[in-house]
Structures are given as structure tokens and as C-alpha cells.
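Asker: What follows is a predicted protein model with its sequence.
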Amino acid sequence: MSQETQLTLGRMEVGQTGTIIQILGGRGLTQRLEALGIRPGKKVTKISSMLFRGPVTLRVNHTQVALGFGMANKILIEIDKSA
Amino acid sequence: MKILLMGNPNVGKSVLFTRLTGTRTIASNYPGTTVGFTRGYLKLGEEQVEIIDVPGTYTLEPTSKAEQIAAEMLKEGDLVIDVVDATNLERNLNLTLQLLERQVPVIVALNMWDDAHHRGINIDVARLEELLGVPVVPTVGVTGQGIRELVSRLPEAAAPQVIYSSSDERWAKIGDIVSQVQSLSHRHHTWRDVLEDASNHPAGGAAIALLVLVATFWVIRLIGEGIINYVTDPLFNWLWTPLLMKLSHLLGSTGFWHDILVGKLINEDIDYLQSMGLLSTGLYIEFGVVIPYIVSFYLILGILEDIGYLPRLAVLMDTFMHRIGLHGYAIIPTMLGLGCNVPAVMATRILESRRERFIAATLISIGIPCAALQAMIIGLVGQQGMQYVALVYGSLFISWIIIGLILNYTVKGFSPELIIEIPPYRLPPWQVIGEKLWLRVSSFIKEALPIVLGAVLVVNILYTVGIFDFMANIAAPIVSGLFGLPKETVVALAIGFLRKDVAVGMLAPLGLTATQLVISTTVLAMSFPCVATFVILARELGARDMLKATGIMIASALIVGSLQNLIL
């Protein structure tokens, strides 16, 4: 497995789909993300990112969620090979 | 008996609430519309039951003030109607399963059933009911589908009290349920997808935002002016003036009561902006100037809210808003503030930290003029040319940014990051928009009119008693020295504490120059908020922070007013 298949949501490219491997944060962050359906094992698609380290929008299930750039960098993703 | 309507944010609880109780509430297409709670009543057989519309929450372990309210309310309920967004079963079931651990009986309303269908999401309701162990009723809040069945099955609500040892276990159970009841069928790319993609793109998003902003201002002005020119002005001129003139003759054209009711005649006639009578200027300011703009503003705001645009604006503005100590979602209370600062300050509850709420509430009170004030500014300052109106707005906007930068630097702590759900675009349900508009306009009239008339009365009495001359002389050094305004404007600035629209109205007879009008209206907008906002600030921030905010307001009004006097 090459290094490039695992990266954070922040570094993922718009349009890519991947599976969440791990939330690199404390209990508080994990809980808040979990409440929105963002947790390890879920498939997510990055929809957009704003300029200047602005928020990242992703799709999980049928919802879109926008997250601050810092949070996005705490979500570790494994990119789907087919994508 | 108390029934709680609970569920994730933006699943349509408020619309269901209105359907169930007939009580009107504000419903919109963004998470966090309901920040307090609304009570209503439903007749269930012989019994009158109380229904409470609880703010939306993703979890019973609260992460914001609005969610905290929701979690606390749960203790009071005898029954919970758990409103679940059918298009988002998995995430919604997390709260459902948490509710099912408690002792309170639950019934599930599977809402947005029509939308799920359009999106190719099929849910086996009978199987879901079996797996959860509580009744599940598909509903469509906007059309009322399923409401009767929901009410008739309320007695079946159950409390299985299945407890999960960890959230992982709960999620595993949810995964299991979803895989058993939900199947997806193929769907086509719709207009929404195209629009959603466009507004997510940074450049496309910015272009759309600019377009929306310009169009919004243009349309609000167009509708407001339209109502004034074709409805309220003709009514006042052709119907009300002749009646008032009759009354004026009856009262002998002069004297104490004449001046209070009809006001002073100017060239033997009533001048609605200058006469200052309860029935002339008092009514005209509200119905002839302010209400047309209130109607227009809330109509457009309602449409923006229900389409689902505001959260996207929040994402777009996030980076900028962080510079002034807030995050993107603060744009929602700010937009509400352009209507009235009172609901705006209350809406700051959707922000997570105390620091953010303080900064947001202070900035709203300083830099965001309410619709009533804006209508008067456009009416009065606009007579001198729209460039002067632009000067007022420009000064307010620049102050808003600079004070935000300073507050971000000085107030301890940091602002948390944005984390919000972006709702899908929806076509605005016109009935909901109409009801919302009616609710907002009628509650504005109910709350504002007594204060407006009271303020006009106070003005008249104080004039007669001669207190104004006294006040004017005391404050003359500040007002004339710093702002370059005639000392009589002190009175208007003081009345601004009661209501800003009346205060601007009082500037009309003073014969101010265009520059003086710009300075006085800017100072009015920035200095202390009206009494209604004051009360809400004290309640939401606490007395100490409210005083701090007031200090900042007065200081910035002094500085900006003097700077304008120097530069303009």
C-alpha cells in the first residue's frame, strides 16, 4: 500500500471518496463528529474546500456536513482504489 | 400531560408542531431555527395535552446551549414524539436509540417521507417498527400527510428501555437496523445537485453570494417602496388625512390634546414626518414607513431561509468570520439582526461558546441596524441622495469589522471551528413562508406599536414640560463639539433608547444637512440598543457582559461619530 492512499480529509482532493479510518482527536471531537454521522468505517466524499484554509464540505450518507479546516485535518481517510 | 417534539436539527419539528397544535412558529430550512421552546395545545379525546417544540439536537450529550436546553427538557416530558428525517435514517436513529434507553414512552414520526421517496430511499416501516419496538408513522409536515395517524397512535407509544453499553455498540445496532429496513434505488441528477455543486465551489459560491446579496437588497427596496407608493401613502393621504383634519378642527386646531393626538399643524396641514402627534406621526412612522419594509424584508428572508441558502453562506463566510472572533454560522443571527436585533441576540444561542455569543451579540447591537431603523434611514437620509445612505451603511459595516477585529484580539479565549450540517436546497413551501411572514409582522406590530406610541407621547410631554431644553443644554458640548450636530438632536438620540425609528423621525423637523443626517443616524444606530434589545442582552449575556457590551457601543458611537464629523 503506497503512502498516498492514507491522508487526512483536509489533504484529500475534491471529488475523491474514501473511508474514515480514525479520528485523530480527543473524546469531545470524536463525539461531535459521531453525532453528525462521521465516524470510522463511514464512506465520505469530499465535496469542496474553501480557500485560505476555509471549511471543508463532505458528503456522508445523504447529508452534507461542513467542517473547519483544523477538524478536517484530524480525520484520517483511506482513499478508495477505484476512485 | 406533556408531549415533547424532539429530533435532530432541521428535520421539520416546527412544521409538525404547527400541524399538531395550530400554534404558529417560525420554521426554516437550517439547523437551529428553534433556540427556545414553544408550547402549544392539542385536544386528545377529552384531554387537553401540552405539546412542546424542543430545539433540535443530534445527541442527548449536549454540545451547544440549544442542545443543552433540549436535553434538560427531556426530564419534564411524559411522552416524546421523535421526529426522524427519513432521508437520513442512520444519523437520526442515533438520537432515537438514545431516547429509547430512557424511561419515557416514544413514538417515531418518520418525516420528510415524500423527499425520501424522491431521493430513491425506500424504508420498510413495518420492519423498522418491529426492530425499534415503538410505533413508526411516516409523515410529511409541509402537507400534513400522516399527522392524523400520528395523533391516533400516540397511546401506543412505548419505552423499551434498551440500554447500550457504549456508543460503538449503539452504532453497530443502527447499522444493523438500517441494512434491514432501507433500500436505495437509482435516481437521476436533479436541478438541486447542479445548484448545490455550484454554490459549494469557492468561486461559484462567492459569485452566487454576491448575486444573492445584491438581488436581496434590490428586491427588498423594490417591494418596500412599492407598498409605500401604492398602498400605504395613498391610504394615509386620501383616507387618514381628511379624518385627522376633521379631528383637528374639532379640537380647535391647537392646545395640549390637539398637539398630543394630531400634533402641530405645519402650514395649516398635517405633515406626517414633522407633526409629532400620536395619530399622525406615531401611526405614520409604523404603518407608513416601517411596516412596508418589515413585510418586504421578512418575505425575502423567509424565502432565503427556506431554500436552505443561509448555511452555505455560513461556509463561504467562515474564514472571514474567524478574523472577527466568530465562525461562519454567526452569519445567521447577523442576518436576523437586519430584521430586528431581539430575535438576533436570541439566535446567538446556536453558537457554542460564551465568548462567541458575547462578540456576536455586541457586534449585532453596534453594526447591524434593524429593519425599522433602516426603513427610516432610507426614507429620511435617502431624500438627500442614496450616496448618503451608502455612507451610513459603509460606516456601520467598517465599524462592525474593526470592532470585531479588536474584540477577537482582546476577549479571552478562541473561537471554535465551524461544524454544521448543510441542508439540501428545497423549494420554499409557500404556506410555511406565508405563515412565518404573518407571524413575524403581526408580532412586530404587537410589540413595536405600543412602544412607538409611548415614545411619541413621552416626546410630547417632555416638550411641553421643557425638559428637552435642559437636556439639550447639558449634552450640547458632546453633540455639537464632537459630532457637529445642533444641540436639539440630543433629544432624538435619547429617544433612540425607546425606539430607533421614532428617533430618526424626530430628526426630520430639525433641518439637518445631509452630512449631519449621516452622522446622527450612524450614531443612533451604533449607540445603545433600543430598550427591547437591552432586556434581551441582559437576559442572554448576564448583567455584567451586557454593561460591557453597552460600554463598547457608547465608546464606538462616540469615536465613529467624531471621525465622521472630521472627515465628511
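Answerer: That came in fine, so what should we check first? Treat the numbers as computed from the prediction; the structure is a model and nothing was measured.
Asker: I'd like to know how many residues surround the residue of chain A at minimum distance from chain B.
Answerer: Residue nearest to chain B within chain A (CB to the nearest CB): residue A:68, separated by 2.7 Å. C-beta: built from backbone N, CA, C; applies to glycine. Taking other CB atoms under 10 Å in any protein chain shown as the neighbour definition, residue A:68 ends up with a count of 24.
Asker: residues touching it, list them.
Answerer: Taking CB atoms under 8 Å, 6 or more residues apart in numbering or on different chains, we find residue A:68 in contact with A:55, A:56, B:318, B:327, B:416, B:417, B:418, B:419.
Asker: which residue sits closest to it, ignoring its sequence neighbours?
Answerer: Leaving aside its chain neighbours, residue A:68 sits nearest to residue B:417 (2.7 Å; criterion: CB to CB, 6 or more residues apart in numbering or on different chains).
Asker: Quick one: classify residue B:420 as helix, strand or coil.
Answerer: strand (DSSP: H, G, I helix; E, B strand; the rest coil).
Asker: my guess is it contacts residue B:313, does it?
Answerer: No. Under the criterion of CB atoms under 8 Å, residue B:420 is not in contact with residue B:313, lying 11.3 Å apart.
Asker: Identify the contacts common to those two.
Answerer: Common neighbours of residue B:420 and residue B:313 (CB under 8 Å, 6+ apart) are residue B:328.
Asker: For the residue lying closest to residue B:338 once chain neighbours are set aside, give me the pLDDT.
Answerer: In space, and not counting its chain neighbours, residue B:338 is closest to residue B:368: 6.0 Å by CB to CB, 6+ apart. For residue B:368, the model assigns a pLDDT of 94.
Asker: From chain A, how far out is residue B:368?
Answerer: 23 Å (CB to the nearest CB, to the nearest Å).
Asker: Residue B:201 too?
Answerer: 6 Å.
Asker: and what of residue B:395?
Answerer: Computed as CB to the nearest CB, the residue B:395 to chain A distance reads 27 Å.
Asker: For the helix or strand hosting that residue, give me every contacting residue.
Answerer: Assignment of secondary structure by DSSP states H and E places residue B:395 within helix B:386-410. Contacts with helix B:386-410, where a contact means CB under 8 Å, 6+ apart, come from B:323-326, B:359, B:362-363, B:366-369, B:377-378, B:381-382, B:415, B:514-515, B:517-518, B:521-522, B:525-526, B:552, B:556, B:560, B:564, B:568.
Asker: Give me the next element, helix or strand, following the helix or strand containing residue A:33.
Answerer: Under the assignment given by DSSP H and E, the secondary-structure element containing residue A:33 is helix A:27-35. Next in sequence after helix A:27-35, counting helices and strands by DSSP H and E, comes strand A:43-49.
Asker: Beta-bridge partners for the nearest residue to residue A:21 once chain neighbours are set aside, please?
Answerer: Nearest residue to residue A:21 in three dimensions, chain neighbours excluded: residue A:76, at 4.8 Å (CB to CB, 6+ apart). For residue A:76, the beta-bridge partners under DSSP bridges are residue A:8, residue A:22.
Asker: Would you check that residue A:76 makes contact with residue A:24?
Answerer: Yes. Because the distance of 5.9 Å satisfies CB under 8 Å, residue A:76 is recorded as touching residue A:24.
Asker: ok, the two, which is more surrounded?
Answerer: Looking at residue A:76 and residue A:24 with other CB under 10 Å, you find the greater number of neighbours at residue A:76, namely 17 against 12.
Asker: circling back to that earlier point, hang on, the residue nearest to residue A:68 packs against residue A:73?
Answerer: No. Counting by CB under 8 Å, residue B:417 does not reach residue A:73; the two are 10.5 Å apart.
Asker: looking at the chain, which helix or strand is least sure?
Answerer: Picked chain A for this. None of the helices or strands of chain A scores lower by mean pLDDT, DSSP states H and E than helix A:27-35, at a mean of 86.
Asker: try again with chain B
Answerer: Across helices and strands of chain B (mean pLDDT, DSSP H and E), lowest is helix B:191-200: a mean of 71.
Asker: Pull out the buried positions in the next helix or strand after that one.
Answerer: The C-terminal neighbour of helix B:191-200 among helices and strands, as given by DSSP H and E, is helix B:202-227. Of all the residues in helix B:202-227, those buried under the rule 16 or more other CB atoms under 10 Å in any protein chain shown are B:202, B:205, B:208, B:209, B:212, B:216, B:220, B:221, B:223, B:224, B:225, B:227.
Asker: Appreciated, that's everything.
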